[in-house]
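J.: structure for this input, please:
(one chain, ligands or ions: 1)
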Amino acid sequence: MVVGEMPERADVVIVGAGPGGYHAALEAAAAGRSVILVDRDGDAGVGGVCLREGCIPSKALLQLAAAARGADLRSEMGLPAHDGSVDFARFRAWKDGIVTRLGDAVRDRLRRAGVEVVAGTARLRDARTMRVETPEGPSFLYEFDAAILATGSRAIELPALSGDPRVIHASGVFELDELPERAAIVGGGYIGVELGTALAKLGVRVTIVEAGARILPTFDASAASDVATGLRKLGVELRTGAAVTGLGDRGLMLGDEAITADLVISAVGRRPASDSLGLDAAGIVPLPSGHVPTDARRLATPRIAAIGDLAPGPGLAHKATADAEAAVAALVGNPHPGEQQIPLVIFSDPEVAAVGLDRHSAEELGYRVEERVTPVAAAGKSWILGETTGRHRRIVDADSGLLLGAVLTGTHATELIGEYALALEAGLLADDLALTIHPHPTLSELATLSFAP
Ligand code: NAD
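T.: Next up is the predicted model:
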């Protein structure tokens, strides 16, 4: 690299090494391009928030919680009872081992693909050059043919809670030395629901405070109601339509009322990290939401793409990965299939997962909807798992029999939704799925069974 104002040239400069950025780097390298991948944390940043403090640690925590909660079934099956105690330090070591292993695997793939990972903070200087400030001080200029912005998002701070040491964001939960007795979670969205589920199963007394009229306000209402029932069964108190006014001596304040809590977890959404990218230098004007406006192929300008949480759409790792593929295809001139189905998954108890249209959106589009419903308990396997709650709903066009979408509630819904995503991508009829032979005894058989609603 050359220090100073003489720019180094790279075919593709990518900013941010999360699931969007690193996937874009691998794709661009596979297309024969020279690639610089810039991340504030350099090699250690590979995997991004998802790997280090989001998707992976939270699912590790949920796995711990499921194992601890499995105590009831253990004794029913004839295993010795477990007292439910958890060594959180050992959990963290286990979780860190998973994060390191997965990160190393990606770092290895990047190295073998010839991607240069650079530690630094990148900012557009103009539509063709990126300035990268390194942690050591010197800055570098890269002249690029194409740039892909993949800096993700940051947790939104609630002014009423900011600056108080009793308040942490979700990522702080995985670094605790021990679990609190009582926790208040502000925000009943994806994070609030998943963390609330895990902590309640680990014996924490949890209250979820949600501003909207219901938890998961953007998710299918019926599935969200199943999740609310599940949370209440775990002892979680749900306060919806509630306005947090601040913190008092007794805990979280909702006006005059105090929600007693040793720990407050703020999970009120995330905002795209678009403010320090120098977008104006390239003539890009972010949307009021902070997202970078793009076309369907994720191009913000003919040479600059924005992907993942930075671009409009759901803030999901698999959406970021899909964006990366669309963006690289557009920038290197490769074909791409275009708009794709994005499954939505929540690792609650029961799990929920959806893809395609739900009943409401299908009806709004003018379809005459037939809903085919199967209770999870109809699968023999669910009884062996001790997880019989939930139902699988297929949304079908009554006139053509075409599958329009699926909303699944229940154990392993987050795994089973993949089959429906494939069916929608392939344009299958609902009967195509039902007539496919599925192995017995598995939960996948639920796709073949249909009960009157
Ligand atoms: P979210 O947008 O899912 O939920 C935020 C919730 O906070 C909303 O229900 C909102 O109504 C509520 N809220 C906003 N202001 C509030 C206030 N002042 N008081 C009380 N409630 C308030 O965001 P999140 O849960 O923070 O998750 C962040 C991102 O992470 C999302 O984009 C989500 O897609 C992603 N995520 C995905 C998964 C998954 O795919 N399973 C899991 C966790 C997180």
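J.: can you show me the CA trace of the worst-scoring helix or strand of the chain on mean pLDDT as CSV?
T.: Within the chain, no helix or strand scores below helix 71-77, which has a mean of 76 by mean pLDDT, DSSP states H and E. Below are the C-alpha coordinates for helix 71-77, written out as CSV (Å, rounded to 0.1, in the frame of the first residue of the first chain):
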residue,chain,number,x,y,z
ALA,A,71,-35.6,-30.3,32.5
ASP,A,72,-39.3,-31.2,32.5
LEU,A,73,-39.0,-33.5,29.5
ARG,A,74,-35.8,-35.0,30.9
SER,A,75,-37.5,-36.3,34.0
GLU,A,76,-40.5,-37.5,32.0
MET,A,77,-38.1,-39.5,29.8
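J.: pick out the residue of the stretch 201-350 of the chain closest to the ligand.
T.: Closest residue of the stretch 201-350 of the chain to the ligand, CB to the nearest ligand atom: Gly315 (2.8 Å). All C-beta spots, glycine's among them, are computed from the backbone N, C-alpha and C.
J.: before we move on, back to that, beyond the least confident helix or strand of the chain, next helix or strand please.
T.: Once helix 71-77 ends, the next helix or strand along the chain (criterion: DSSP states H and E) is helix 88-112.
J.: tell me where the stretch 351-453 of the chain is predicted with low confidence.
T.: Within the stretch 351-453 of the chain, the set of residues satisfying pLDDT under 70 comprises 451-453.
J.: show me what residue of it gets nearest to the ligand.
T.: Taking CB to the nearest ligand atom, the ligand has its nearest neighbour within the stretch 351-453 of the chain at Thr414, 7.6 Å off.
J.: my read: that residue touches Ala353, true?
T.: Yes: assessed by CB atoms under 8 Å, Thr414 is found in contact with Ala353 at 5.1 Å.
J.: between these two, which one's more packed in?
T.: Neighbour totals were compared for Thr414 and Ala353, and Ala353 leads with 25 against 18 (other CB atoms under 10 Å).
J.: now the more buried one, what's its secondary structure?
T.: strand (DSSP: H, G, I helix; E, B strand; the rest coil).
J.: give me the contacts around the host helix or strand of Thr197.
T.: Assigned by DSSP H and E, Thr197 belongs to helix 190-201. Residues from elsewhere that reach helix 190-201 (CB atoms under 8 Å, 6 or more residues apart in numbering): 58, 61-62, 64-66, 68-69, 170, 173, 179, 183, 185-186, 188, 206, 208, 210, 215-216, 227, 230-231, 234-236, 265, 267, 346-349.
J.: ok, then the element right after it?
T.: strand 205-209.
J.: what are the contacting residues of that next one?
T.: So strand 205-209 is in contact with 181-188, 192-193, 196, 199-200, 215, 231, 234-239, 242, 244, 252, 254, 259, 261, going by CB under 8 Å, 6+ apart.
J.: neighbours around the nearest residue to Val332 once chain neighbours are set aside, how many?
T.: The spatially closest residue to Val332, leaving aside those adjacent along the chain, is Ala31, at 4.5 Å (CB to CB, 6 or more residues apart in numbering). Number of residues near Ala31 (other CB under 10 Å) recorded here: 16.
J.: so what pLDDT did Ala31 get?
T.: At Ala31, the model reports a pLDDT of 97.
J.: before we move on, what about Pro165?
T.: Here, the pLDDT recorded for Pro165 equals 87.
J.: quick check: the gap between it and Ala184.
T.: 15 Å (CB to CB, to the nearest Å).
J.: can you find the residue of the stretch 101-250 of the chain that comes nearest to the ligand?
T.: At 1.7 Å from the ligand, Gly189 is the closest residue in the stretch 101-250 of the chain, using CB to the nearest ligand atom.
J.: would you agree that residue is in contact with Arg270?
T.: No: shown here, Gly189 and Arg270 do not form a contact pair, counting by CB under 8 Å, at 9.6 Å.
J.: what secondary structure does the residue of the stretch 201-350 of the chain closest to the ligand sit in?
T.: coil.
J.: for it, which non-adjacent residue is spatially closest?
T.: Spatial nearest neighbour of Gly315, excluding adjacent residues (CB to CB, 6+ apart): Asp309 at 4.5 Å.
J.: for burial, what's the neighbour tally of that neighbour?
T.: The burial count for Asp309: 33, using other CB under 10 Å.
J.: what pLDDT is listed against the residue nearest the centre of the chain?
T.: Nearest to the geometric centre of the chain sits Leu316, at 3.9 Å (CA atoms, centre = their mean). Here, the pLDDT recorded for Leu316 equals 98.
J.: can you name the residues of this protein that neighbour the ligand?
T.: For the chain, the contact set with the ligand under CB under 6 Å from any ligand atom comprises 158, 186-192, 194, 209-212, 217, 244, 267-270, 314-316, 345-347.
J.: what subset of the residues you listed is buried?
T.: 158, 186-192, 194, 209-211, 244, 267-268, 270, 315-316, 345-347 (16 or more other CB atoms under 10 Å).
J.: which residues does the residue nearest to the centre of the chain contact?
T.: Leu316 touches 342, 344, counting by CB under 8 Å, 6+ apart.
J.: just the one 4 residues further on next, same as before
T.: Taking CB under 8 Å, 6+ apart as the criterion, Ala320 is in contact with 18-20, 23, 150, 152, 307-309.
J.: same question for Val376.
T.: Per CB under 8 Å, 6+ apart, neighbours of Val376: 350, 382, 387-392, 409-411, 443, 446.
J.: kindly report the same for Ile156.
T.: With contacts defined as CB under 8 Å, 6+ apart, Ile156 is in contact with 268-271.
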